[in-house]
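J.: let me see the structure of the following:
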Amino acid sequence: MVLSDKDIKLALKSGKIKIVPIPNLKEQLGSCSIDLHLGGNFRILEHSKSPFIDATNKNSIKEITKEIKLKNGEKFVMQPGDFVLAVTEERVKIAPNLMGRLEGKSSLGRLGIVVHSTASVFDPGWDGKPVLELGNLGRMAVALTVGQRICAMTFEQLSSAAGVPYTKRKEAKYKFQKKPL
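T.: Below you'll find the model as predicted:
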């Protein structure tokens, strides 16, 4: 069951969902989602450093990417075909009996900007800054502004609380993340 705006408010009030900084519900709350803002940390591919990415080498990504940091209000220009990782401004913590799902904004989708390739699900017990898998599928460059609303998160009630929430899993490599990894 997807939480409605009323249920999201109740979950925020009870602490089942925690968002820092505290959202402006008049601006960010939709009928069944809450908008999140583009943060200032980006991880970009330096594609000229290597002819390919070795998906089995955990260090491969670190070797051919670099992190850039922008201030609130600064522009990040996505060229056609670009793929970058970014984070939301907000840190999101989800109770063990809920899950989150990241959704794109239609206003950006109509410009060719996608906010996730595959990682749209945030497990029960998630705690960290959601990472965005930004892509420009369009034919023109698109400027994104740090601080703009970039995505929406919906929440779903589980049939019962997860036995092992995400942050309790030993192999959970993205727990408490603050930067795009």
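J.: which strands or helices does the helix or strand containing Gly135 pack on?
T.: Gly135 is part of strand 131-136, with elements assigned from DSSP states H and E. Judged by 3 or more C-beta pairs under 8 Å, 6 or more residues apart in numbering; DSSP states H and E, the packing partners of strand 131-136 are strand 75-78, strand 83-88, strand 113-114. The way it works is simple: take the backbone N, C-alpha and C, and place the C-beta from them, glycine included.
J.: tell me which residues are up against the shortest one.
T.: Taking contacts as C-beta atoms under 8 Å, 6 or more residues apart in numbering, the residues outside strand 113-114 that touch it are 78, 104, 133-138, 142, 144.
J.: same thing but 7 Å
T.: Residues external to strand 113-114 that are found in contact with it (C-beta atoms under 7 Å, 6 or more residues apart in numbering): 78, 104, 134-137, 142.
J.: now tabulate the helices and strands packed on strand 131-136 in a markdown table and tack on distance to Leu38, mean pLDDT and mean neighbour count.
T.: Converted to a markdown table, those look like this (distance: least, C-beta to C-beta, whole Å; pLDDT from 0 to 100; neighbours: other C-beta atoms under 10 Å):
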| stretch | distance to Leu38 | mean pLDDT | mean neighbour count |
| --- | --- | --- | --- |
| strand 75-78 | 8 | 97 | 16 |
| strand 83-88 | 6 | 95 | 21 |
| strand 113-114 | 11 | 96 | 18 |
